[in-house]
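Participant: structure of the sequence below:
(2 chains)
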Amino acid sequence: MGRTLPSITQAFLGEQESFARFRRALRRSDQLALDDLFATAHKHLAAAAHAAHALPFEIFLLAMLLEEHKEVLRLRQRLEGALARSDG
Amino acid sequence: MVERSGWLLDLYADPRGGLALWFLDENGERQRLRQDFPVTFYAAGPAARLRAAWRWLQGRPGVSLARQERRDLFQPGLLPVLAVQVAQPAAQPALFRQVSQAFPDLTYYDADLPLALRHAALHGTFPLARGRLAWDESGTVQALSVLDSPWDLDPEPAPLRILSLEPEVDPFHAAPTQLLVRDLRTSYRLALEPARPLLVNLRAILQRHDPDLLLTTWGDTWLLPRLLALSQEWRIPLPLSRDVERGVAYRKERSYFTYGQIIYRGRQVHLFGRWHVDGHNAMLFHDYGMEGALEMARVTALPLQTAARVSPGSGISAMQIITALRQGVLVPWHKQQAERPKTALELMRFDQGGLVYQPTTGLHFDVGEVDFISMYPSIMRHFNISPETVGSQRPTAELAPRLEETVSGGPPGLVPETLAPLLDKRLALKLRLAELPAWHPQRLRYKARASAHKWLLVTCFGYLGYKNARFGRIEAHEAVTAYGREALLRAKEAAEDLGFEVLHLYVDGMWVKKAGASRVADFQPVLDEIVRRTGLPVALEGVYRWLAFLPSRQDGRVPVANRYFGAYQDGTLKVRGVEARRRDTPHFLVRLQEEMLERLAQAQGAGAASTAAALQECLPGLVARLRRVLAALRAGRIPLAELVVAHKLSRDLTEFRTPSPAARAAGQLQAAGKVLKPGQRVLFIYTRGEPGVHAWDLPQPPNPASVDVARYAELTLRAAAAILQPLRVEEATLRQWLFSNAGYLAPPGKPAPPATALPLWVGKHVLRDRHLFPVAGLRQISWLPAP
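Facilitator: All right, here's what the predicted structure looks like:
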């Protein structure tokens, strides 16, 4: 049952592990934010596996960006709704 | 045979044989004694060359030779050496020079050590050591025992006679006409011209008072050389040294580059049998004064005249040499050891300094500052870091990050052994200081001594990494910073685990806050936890009522590590990185900033919100103060001396392509015949038009009408803005208030908010530095659009 390539989950954990020194030197609040970012990237592991990209971390970054953008869109919608209500 | 107790004053090689030893005995008599003191230096190399050196040295008078095996710290095992013992210490430098020229390929040890250090290693002496001496009729010391140690906290003070000499004005600014001569009881004013009566009177005063210490200002660079020249010209001998035969010794001036700064040290005049200290040319004298210089001499065992003038680096080096001599370790003359080759990754990971955070900018309340006590020296001691214990056997990479494993079980290395008593003394002094009430007269003494210790401890770390230091090794230096970073990260984690927010980390200090924590006791659990996790001593420096971390001057969004100020709960201020702390700032600006800070330090409230409000209430008063300073500036009511800027000359005048203001001022001085060296400060005033400056030390004073008022107004505004920034007053806003004559609370018309700092409103909060702040604190500044 040998694999020639590490599974995408292994690659993901490896990348996360390689940032351990960076993470450790962050303030606790920033550490939690960083963990959130990795958690959002984790949601797209299946797509990342499918992409079969030579540099998986680029895919993970894009996945983080994707989730961030979704959050921006959601907040913008809420803010516009709230402003419309307070004007009207 | 005579036997007496007393204090050791001075020692040096006596050209007539042995050592000259000055002793202040219990009867108040100053004795010039002599002591036999043969000195030894060593040579190592191929056996054939050592034999050749032996034959070359054999038969010289006063030289005895031996083959020995001794320890070189940088080599495993013992080293076969040729030991050259010289009976007369005065003859050793010349003999060594000849040998090293005849046999340049040999490695030399213990070759250029100050005699005082050899004496200290053998007899435990140091300047002003209490001792008991016995001497015969010829004044030759037969027995010597030292009764106290440099580590005593309260040594019995020696009844020193001090005479101070100073010209009435700075001789590099104007020509002095008088010399002020003072001791504790009397003072004289001698006219510098004519020379004859001056010399005769001064000689009489020196003979009558017979001081142990001549304390001068500009004595090295101007006064003593001038007096000696006059004395020669008029053939009136001036007994500046007690040992008239030895006269005086000069050391040359020099400029050197260290820690990103260019330093200038003036010429030095050293006396024999009497000390000369020039308060203007002594290293760090402005920081710790005579008390600190004496302490430096006690703990380093260097003669006071040297100790007062050398850098703390040379002081720590002296202490290491004594340890080496006592342990029988060879002291290299020129160090040969090079850095071990490292991989790029190793270098990336270990060639780093301390951990420095970007602080959370803005105003904070109830902040605790936790400091590691003498962090780097404590690390060296705790983890036994020394050139011989670290780096050679195991790569630094293995040992640094795991604190627990690495406390070496071996005997203490040379560096920890040297540091241990100094660390203990500093800690004992700190404890003593903490017990004494604020008014206690001993406080100042202890503080000066603690300051001398601080400088020694600070530099001992740098000396581990300095390639020319005799006991430096870069791997040991790297290990210290690696342990330091690890310890600081552990401190951060300890604080965060206890629910504190970490605002800033700076090499050996940490600033934390937590809702509800405002008393000293609230921070104690953090301290305990840090000690548990690191094994290093920490202390709570204090709790700030309020503390402001300032952003960079260039970009308000970028925090900088060392620009902050705040008030502790007792109202004392701590200020770093603003103009008031810089030595080039004109006096009137230093005072303005200090006054503003003092005013803010008084702001007090119960809890964060009311302290914030109290700070905001200071604003109108501060702005009014600023207006008055600007008005005084425009009306020419600020004395010219207060406007003087003091910049360091960074390089030689010929090396400037576009001359800085300091270089232009130095050029004016050069044209007037006063030459400045790199590292010296140039005093000048900004003037209108070309060349834009007027050197302060020119013979003709500057014209008050030519002062560049606009430039000074700009500097004033900047200095004030740095202080007001944490109160949410931007420089541009301040400019508008002051220069458009707008009122402070309700500006006439509606000036546009400054484009640089347009706040972004989010609901009832304003977004700054990626943090949301409640609007409440801002309401008083009415030009902001209401949410």
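
Participant: how much space separates B:Pro441 from B:Lys447?
Facilitator: From B:Pro441 across to B:Lys447, the span is 12 Å (CB to CB, to the nearest Å). Quick note: C-beta positions are derived from backbone N, CA and C, even for glycine.

Participant: the two: which is more packed in?
Facilitator: Per other CB atoms under 10 Å in any protein chain shown, whichever of B:Pro441 and B:Lys447 has more neighbours is B:Lys447, with 16 against 7.

Participant: what distance do you get for that one to B:His286?
Facilitator: 14 Å.

Participant: and if you look at B:Gln616?
Facilitator: From B:Gln616 to B:His286 the distance is 37 Å (CB to CB).

Participant: before we move on, what about B:Ala608?
Facilitator: For B:Ala608, the distance to B:His286 - CB to CB - is 38 Å.

Participant: who's more crowded, those two?
Facilitator: Taking other CB under 10 Å, B:Ala608 and B:His286 do not tie; B:Ala608 has more neighbours (17 against 10).

Participant: setting aside sequence neighbours, what's the nearest residue to that one?
Facilitator: Excluding its sequence neighbours, the residue lying closest to B:Ala608 (CB to CB, 6 or more residues apart in numbering or on different chains) is B:Phe365, at 3.6 Å.

Participant: state the phi and psi torsions of the one you found.
Facilitator: phi -120, psi 150 (degrees, to the nearest 10).

Participant: over to B:His276?
Facilitator: Residue torsions, per degrees, to the nearest 10, at B:His276 are phi -120, psi 120.

Participant: likewise B:Pro38?
Facilitator: According to degrees, to the nearest 10, B:Pro38 has phi -70, psi 140.

Participant: for the closest residue to it other than its chain neighbours, give me its contacts.
Facilitator: In this structure, B:Pro38 finds its nearest non-sequential neighbour in B:Ala87, 4.9 Å apart by CB to CB, 6+ apart. Neighbour list for B:Ala87: B:36, B:38, B:62-64 [criterion: CB atoms under 8 Å, 6 or more residues apart in numbering or on different chains].

Participant: for the nearest residue to B:Glu168 once chain neighbours are set aside, list each beta-bridge partner.
Facilitator: Ranked by CB to CB, 6+ apart and with sequence neighbours excluded, the top spatial neighbour of B:Glu168 is B:Gln178, at 4.6 Å. Beta-bridge partners recorded for B:Gln178 (DSSP bridges): B:Ala191.

Participant: do the same with the one 4 residues further on
Facilitator: Under DSSP bridges, the beta-bridge partners of B:Arg182 are B:Ser164, B:Ser187.

Participant: point me to the residue of chain A nearest chain B.
Facilitator: A:Arg28 (4.1 Å; CB to the nearest CB).

Participant: burial of the nearest residue to that residue once chain neighbours are set aside, as a residue count?
Facilitator: Nearest-residue entry for A:Arg28: B:Glu496, 4.1 Å, with adjacent residues in sequence omitted and distances by CB to CB, 6+ apart. Using other CB under 10 Å, B:Glu496 is surrounded by 17 other residues.

Participant: B:Glu496: what secondary structure?
Facilitator: Under the three-state scheme (DSSP: H, G, I helix; E, B strand; the rest coil), B:Glu496 adopts helix.

Participant: counting by contacts, list what the longest strand seen in chain B packs against.
Facilitator: Across chain B, the longest stretch assigned as strand under DSSP state E is strand B:538-551. Packing partners of strand B:538-551 (3 or more CB pairs under 8 Å, 6 or more residues apart in numbering or on different chains; DSSP states H and E): strand B:362-372, strand B:501-506, helix B:520-534, strand B:559-568, helix B:608-634.
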